[in-house]
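**Q** no sequence for this one, just the structure:
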Ligand code: SAH
Ligand code: SF4
Ligand code: F3S
């Protein structure tokens, strides 16, 4: 039944009971309203999505943009828009501070433009104290929702327009996965695909399990169908997303391993590259290493967060592996997939971290030689077990360790990256170069960027590029004939 059939048969007030149908129905109602406004004013309404945080949030923003486009809003690249939405992150304190800063500025924008709507969603909104603060101190916000109900955006907009009041709708958790809603990909040739939501690991420093809820895997058939549609629509590369992809499928009615899912996805004709994120070291199986080793499509890159090189700290972090088992895993991966690029995340200054603990982290970085590493200063997240641990490390000590780690990481990354100099690599061209219009920028299978002379028509194509010179963490190359 189409949306128009519903309108005719059941009257506008009667909503379909299926969640997807219901949301599509409301989107259509808003679309009609929007067209009527357009006929009256001759002005198309605009939207702008600001995304903080990880790939999971970036993917959610594509879904939000999809709904807004379907309603009839046109994208604009400034926050001076008719609808502005902040998709927030709360993994570290400074992510929150940035959002408050932006909201403060928006107060003035809204005074100039009183009809605009401001919405907030994402991980930060799952924290009751944050929502209290916004209700009290940021009254110019129109809609607040969380991570579990982004599919409801159209309904929330409708409620806001009908009531004229601030709409707040946060769910504590959910077991619902709403499929088949609109979606607006940022790039035509690559996209993220959620394979699971939430996290059950409760690393002691991390707020994600509290704001993203319990782990839920999508059915393989839904994932495959989504990727097949994306590929039919021009997608060449997918990034499978989950907080711990290695535990994918364990709780499905018919359990399936992540490695098996990869094998199924590999069969999709026309799909050329498969990436995934993130792999928790504790669950990375030999089966996965074997599948990666044989695959033609899985990219030669693995992001394997270390967090700390000290087994004592890893235990306090509840990571469930040791320094030795991590190093052993790296050996097995490198044996099974020679030339793979390894990247990582490291936290400095976890409560109780001593100089000896820190030197263990430096030792792992030295031994593994990561191709790149994201280094973070530990940030205390209220409600997590680590927040109430004693011996929080003084700021100056943390800063000193952070600087030493960053130096080593950069030196190792630049050594590791340079090993491909002189080779020819397949590159998926992503953009015109930011600084030089005669060049384009693409990504190698191992995730490194390469800049080379080329024209915009190459965007979205996979081409052979000769790597001339390594500039630390990117390459300058030449299109190979
Ligand atoms: N699920 C992923 C990580 C998601 S959060 C995994 O397990 O690897 C991304 C990164 O943020 C983490 O890997 C960690 O390094 C960092 N992070 C998480 N909580 C943090 C905190 N409280 N302080 C500093 N960094 C943190
Ligand atoms: Fe956070 Fe750990 Fe879950 Fe990653 S695995 S999201 S670090 S709790
Ligand atoms: Fe941030 Fe939420 Fe991702 S807290 S890192 S946006 S899952």
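**A** In hand now; what should we look at? What you see is a predicted model, and the numbers here were worked out from it, not measured in a lab. Residues are numbered from 1 along each chain as shown. Ligands and ions are numbered 1, 2, ... in the order given.
**Q** per-residue confidence for residue 1?
**A** With respect to pLDDT, residue 1 has a value of 38.
**Q** lowest average confidence, helix or strand, in the protein?
**A** Lowest on mean pLDDT, DSSP states H and E among the helices and strands of the chain sits helix 3-10, with a mean of 40.
**Q** so what secondary structure elements neighbour the very next helix or strand once past that helix?
**A** Next helix or strand after helix 3-10 toward the C-terminus (DSSP states H and E): helix 19-41. Other helices and strands packing on helix 19-41, by 3 or more CB pairs under 8 Å, 6 or more residues apart in numbering; DSSP states H and E, are helix 3-10, helix 55-71, helix 153-163. In short, each C-beta sits where N, CA and C put it, glycine included.
**Q** Could you say which of those helices is packed most deeply?
**A** helix 55-71 (a mean of 21; mean count of other CB atoms under 10 Å).
**Q** Is that one positioned near ligand 1?
**A** No: Helix 55-71 does not reach ligand 1 (CB under 6 Å from any ligand atom); its nearest approach is 8.4 Å.
**Q** Measure how that helix sits relative to helix 19-41, angle-wise.
**A** 50 degrees (axes from the mean of the first three to the mean of the last three CA atoms, to 10 degrees).
**Q** wait, what's in contact with the closest residue in space to residue 322 that isn't next to it in sequence?
**A** Nearest residue to residue 322 in three dimensions, chain neighbours excluded: residue 311, at 4.1 Å (CB to CB, 6 or more residues apart in numbering). By CB atoms under 8 Å, 6 or more residues apart in numbering, residue 311 lies in contact with 322, 323, 324, 360.
**Q** wait, the last one sits on residue 306?
**A** Right, residue 360. No: with contact defined as CB atoms under 8 Å, residue 360 does not reach residue 306; the gap is 10.5 Å.
**Q** quick one, which of these two is more surrounded?
**A** residue 306 (24 against 19; other CB atoms under 10 Å).
**Q** neighbours around residue 54, how many?
**A** Other residues close to residue 54 by other CB under 10 Å number 17.
**Q** meant to ask about residue 105
**A** 10.
**Q** doesn't it fall inside a helix?
**A** Yes: looking at residue 105 with DSSP: H, G, I helix; E, B strand; the rest coil, it is inside a helix.
**Q** For it, which residues are in contact?
**A** Contacts of residue 105 (CB under 8 Å, 6+ apart): residue 79.
**Q** Equivalent analysis for the one 4 residues further on, please.
**A** Residue 109 makes contact with 79, 80, 116, according to CB under 8 Å, 6+ apart.
**Q** Buried subset of those as a ChimeraX selection?
**A** Filtering those down to the buried ones (16 or more other CB atoms under 10 Å) takes a single ChimeraX command:
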select :116
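**Q** Redo the contacts of residue 109 as JSON lines? Include pLDDT, secondary structure and distance to residue 50.
**A** Output for the contacts of residue 109, formatted as JSON lines (pLDDT from 0 to 100; DSSP: H, G, I helix; E, B strand; the rest coil; distance: CB to CB, whole Å):
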{"residue": "79", "pLDDT": "93", "secondary structure": "coil", "distance to residue 50": "7"}
{"residue": "80", "pLDDT": "92", "secondary structure": "coil", "distance to residue 50": "12"}
{"residue": "116", "pLDDT": "96", "secondary structure": "coil", "distance to residue 50": "14"}
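**Q** Pick the one among the contacts of residue 109 closest to ligand 3.
**A** residue 79 (19.4 Å; CB to the nearest ligand atom).
**Q** so is the closest residue to that closest one other than its chain neighbours in a helix, a strand, or just coil?
**A** Among residues not flanking residue 79 along the chain, residue 48 sits closest, at 5.5 Å (CB to CB, 6+ apart). Under three-state DSSP, residue 48 falls in the strand class.
**Q** Tell me the predicted confidence for the closest residue to residue 456 other than its chain neighbours.
**A** In this structure, residue 456 finds its nearest non-sequential neighbour in residue 432, 5.4 Å apart by CB to CB, 6+ apart. Note on residue 432: pLDDT of 96.
**Q** Just grab the bridge partners of residue 432 for me.
**A** With DSSP bridges as the criterion, residue 432 is bridged to residue 440.
**Q** List the contacts of it.
**A** So residue 432 contacts 439, 440, 441, 456, 459 (CB under 8 Å, 6+ apart).
**Q** Drop anything exposed from those residues.
**A** 439, 440, 441, 459.
**Q** Just the closest of the residues you listed to residue 274, please.
**A** residue 459 (20.3 Å; CB to CB).
**Q** For the nearest residue to that closest one once chain neighbours are set aside, give its distance to ligand 1.
**A** Of all residues not flanking residue 459 in the chain, residue 429 sits nearest, at 5.2 Å (CB to CB, 6+ apart). Remark: distance between residue 429 and ligand 1 (CB to the nearest ligand atom, to the nearest Å) = 28 Å.
**Q** Right, and ligand 3 sits closest to which residue of the stretch 301-450 of the chain?
**A** residue 381 (9.3 Å).
**Q** on that earlier part again, contacting ligand 1 as well, which ones from the contacts of residue 311?
**A** Restricting the contacts of residue 311 to those near ligand 1 - CB under 6 Å from any ligand atom - leaves none.
**Q** Could I have the PyMOL command that selects the buried members from the residues you listed?
**A** Buried members of the contacts of residue 311, defined by 16+ other CB under 10 Å, are picked up in PyMOL with:
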select buried, resi 322+323+360
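**Q** okay if I get the buried ones among the contacts of residue 432 as JSON lines plus pLDDT and distance to ligand 2?
**A** Converted to JSON lines, the buried ones among the contacts of residue 432 look like this (pLDDT from 0 to 100; distance: CB to the nearest ligand atom, whole Å):
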{"residue": "439", "pLDDT": "97", "distance to ligand 2": "36"}
{"residue": "440", "pLDDT": "97", "distance to ligand 2": "34"}
{"residue": "441", "pLDDT": "97", "distance to ligand 2": "29"}
{"residue": "459", "pLDDT": "97", "distance to ligand 2": "33"}
